[in-house]
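Trainee: need a structure here:
(2 chains)
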Amino acid sequence: MGKPNLDIESVSDVTLFQEMARQKPWALSALYDRHASRLYGLAVKILKDETIAQDVLQDLFLYLWQNADKFQQSRGQPLAWLMILCRNRCIDQLRSREKRQRRSTTISDDVLRNLKLDESESPLESVHYNELQLKMNAVLNSLPEEQKLPIQLAFYRGLSQSEIASELKIPLGTIKTRIRLGMQKLGVLLKEMSNQES
Amino acid sequence: MEHEELKLSIPAYCLGALDEAERQALERHLKDGCDECQRLVMEMLAVPNVLSFASEAHPPPRKLKERILTQIQPAKARVASAAEKVVDRIEEATYRALQKSRRRWMGASAALAFALVVVVFLFSRESAILKKNLKALESQLQFNEQVVIQLQMELEHRQQMINVFQSDAVKLVDLKGTGPTPQASGNVYWDPENDKAVFCAFDLPPAPADKDYQLWMIRGSEPIDAGVFSIDAQGKGLSFFKTIPEDRELSAFAVTLEPKGGLPKPSGAIHLIGTI
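Mentor: Numbers count the residues shown, from 1 in each chain, chains lettered A, B, ... in the order given. This next block holds a predicted model:
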């Protein structure tokens, strides 16, 4: 199988997954070229270690290659769940590095495959990714610090609510409330952003 | 836990911040079919989806992509690595033998100095010959490993073709020559149950040096790349390709002549076509 030499940019991610399911290495190569920088950026931000981030990325792309037949059935924005898969792997790495007891609070790969992320109310389709990065930072920074910090600890360090409560020395009930309010606020802001774009 | 309490835990669930027992309780509730909670999960999942995008893009080192692409050819990589280990062991054994020989001579008396010089000279010459032979053997070994890899791949390829022919589910699709090659013909032996197929072409003229014949699967009105193939001196071509479950709705196969390496979508004239 030769590598197609034209129009690779116009091939959708979903098609690349279909071609990977047909064992076409050029499709994996194209998917990597398209998304590796963003995935690697997230991995480095979470892990703060480029060598381990590279291992995570390698593991992720090999997993995608081996399971492309399952993923290609998903529709919509594959980058959204690629980012979640990448984040889950980074959190697993952090846990094993910090020798924290392993618990599966992240949503499993199987569950992710079955979720139709394009049906979730995501503004991904209409916003360019670089623009989205700026907007997300603005949205996060618009939260009060007391809500932003627990959300960041959960998202970037994979801490559970009780671990966050213990780290910040704040009652568990308070942390639960702050996370809930912060997430609800982010949800509303994202919806507004999505409506403005459309 | 009650519905209202579980509903409050959805934001933390989507963030992956629930403790194990809480997560299990919520997932049981979702599995029981609570529509309201399922809808809330779908809505709230948008938050972690886009939170990931708050991090800056950062290009990984170039060697990482090479490492990944090498890894997806496991058989070849494994044999190459095994060959390297064999060569390392040969080099180590040779080195030890040389060390041992040197140590033996270190205790010899001055009276034997002349003899030693002569022997060392002879040994060096012998050693140089041995090293040369070793290099030749290493090259031969590497060549043989490559041959073994090629043969293994070919064998695997042939076995997969035989499996298609032997399948009870195999469908035969006849392709007829059209356009510039009316004399040509072809067959696709397709096993939709196992998502594998073999394509044979006959009486096709050789492709120009800058072009390849490319096989397409047609699903609805959409052509899907099934790979390029070469033609031998007798005008025959043979290729094995994989399909996916969605391809079970295929309606036709076709062959076009495309730029070297093929294209994601056909651009050239149709040379062979056959409906299912």
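
Trainee: can we go C-alpha only for contacts and neighbour counts from here?
Mentor: OK.

Trainee: Quick check: which ranges of the chain have low pLDDT?
Mentor: As the question left the chain open, I've gone with chain A. Residue ranges of chain A with pLDDT under 70: A:1-7, A:72-76, A:99-130, A:197-198.

Trainee: try chain B instead
Mentor: Counting by pLDDT under 70, chain B shows low-confidence ranges at B:1, B:74-113, B:115, B:146, B:150.

Trainee: And the helices in it, which stretches?
Mentor: Taking DSSP state H as the criterion, chain B carries its helices at B:3-8, B:10-14, B:20-31, B:35-44, B:46-51, B:62-71, B:74-106, B:113-166.

Trainee: Tell me if the longest one is near chain A.
Mentor: No: contact check for helix B:113-166 against chain A, using Cα under 8 Å from any Cα of the partner chain: none in range, with a minimum separation of 13.3 Å.

Trainee: what's that helix packed up against?
Mentor: If you count contacts as 3 or more Cα pairs under 8 Å, 6 or more residues apart in numbering or on different chains; DSSP states H and E, helix B:113-166 packs onto helix B:74-106, strand B:185-191, strand B:196-202, strand B:237-242.

Trainee: What backbone torsions are found at the closest residue to residue B:51 other than its chain neighbours?
Mentor: Distances taken as Cα to Cα, 6 or more residues apart in numbering or on different chains put residue A:136 closest to residue B:51, at 6.5 Å, once the chain neighbours are dropped. Here is the backbone geometry of residue A:136 (degrees, to the nearest 10): phi -60, psi -40.

Trainee: contacting residues for residue A:136?
Mentor: Neighbouring residues of residue A:136 by Cα atoms under 8 Å, 6 or more residues apart in numbering or on different chains: B:50, B:51, B:53, B:54.

Trainee: Arrange these in CSV, one row each, with distance to residue A:148 as further columns.
Mentor: As requested, the contacts of residue A:136 are exported to CSV (distance: Cα to Cα, whole Å):
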residue, distance to residue A:148
B:50, 15
B:51, 12
B:53, 16
B:54, 13
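
Trainee: Neighbour-wise, give me the winner out of these.
Mentor: Most neighbours among the contacts of residue A:136, by other Cα atoms under 10 Å in any protein chain shown: residue B:53, with 25 neighbours.

Trainee: I figured that one hits residue A:138, correct?
Mentor: No: between residue B:53 and residue A:138 no contact is recorded; they are 11.7 Å apart, counting by Cα atoms under 8 Å.

Trainee: Pairing-wise in the sheet, spell out the partners of residue B:272.
Mentor: Taking DSSP bridges as the rule, residue B:272 bridges to residue B:177, residue B:255.

Trainee: That one: how many residues sit nearby?
Mentor: Residues lying near residue B:272 (other Cα under 10 Å) number 27.

Trainee: quick one: it and residue B:176 touch, right?
Mentor: Yes: under the criterion of Cα under 8 Å, residue B:272 makes contact with residue B:176 at 5.3 Å.

Trainee: Quickly list what's touching both of the two.
Mentor: Residues touching both residue B:272 and residue B:176 (Cα under 8 Å, 6+ apart) are B:184, B:185, B:186.

Trainee: who are the neighbours in contact with the residue nearest to residue B:252 when sequence neighbours are not counted?
Mentor: Leaving aside its chain neighbours, residue B:252 sits nearest to residue B:275 (4.0 Å; criterion: Cα to Cα, 6+ apart). Neighbouring residues of residue B:275 by Cα under 8 Å, 6+ apart: B:173, B:174, B:175, B:251, B:252, B:253.

Trainee: make it 7 Å
Mentor: Going by Cα atoms under 7 Å, 6 or more residues apart in numbering or on different chains, residue B:275 touches B:173, B:251, B:252, B:253.

Trainee: One more: residue B:252?
Mentor: B:217, B:218, B:274, B:275, B:276.

Trainee: Buried only: go through the residues you listed for me.
Mentor: Buried by 16 or more other Cα atoms under 10 Å in any protein chain shown: B:217, B:218, B:274, out of these.

Trainee: quick one: which of these is nearest chain A?
Mentor: Nearest to chain A among those is residue B:217, at 12.4 Å by Cα to the nearest Cα.

Trainee: Surely that closest one touches residue B:249?
Mentor: No: judged on Cα atoms under 7 Å, residue B:217 makes no contact with residue B:249 at a distance of 10.2 Å.

Trainee: most neighbours, which of the shared contacts of residue B:272 and residue B:176?
Mentor: Highest neighbour count within the shared contacts of residue B:272 and residue B:176: residue B:186, with 24 neighbours (other Cα under 10 Å).

Trainee: what about the nearest residue in space to that one that is not next to it in sequence, how many neighbours?
Mentor: In space, residue B:186 comes closest to residue B:201 once its chain neighbours are excluded; the distance is 4.2 Å by Cα to Cα, 6+ apart. Number of residues near residue B:201 (other Cα under 10 Å) recorded here: 23.

Trainee: Tell me who's in contact with residue B:201.
Mentor: Contacts for residue B:201 (Cα under 7 Å, 6+ apart) come out as B:185, B:186, B:187, B:236, B:237, B:238.

Trainee: residues in chain B within reach of chain A, list them.
Mentor: Residues of chain B found near chain A (Cα under 7 Å from any Cα of the partner chain) are B:11-12, B:15-20, B:23, B:42-47, B:49, B:51-60, B:64, B:68, B:227-228, B:242-244, B:261-264.

Trainee: I'd like to know which of those residues are buried.
Mentor: Buried, going by 16+ other Cα under 10 Å: B:11-12, B:15-19, B:23, B:42-47, B:49, B:51-58, B:60, B:68, B:227-228, B:242-244, B:261-264, out of the residues of chain B next to chain A.
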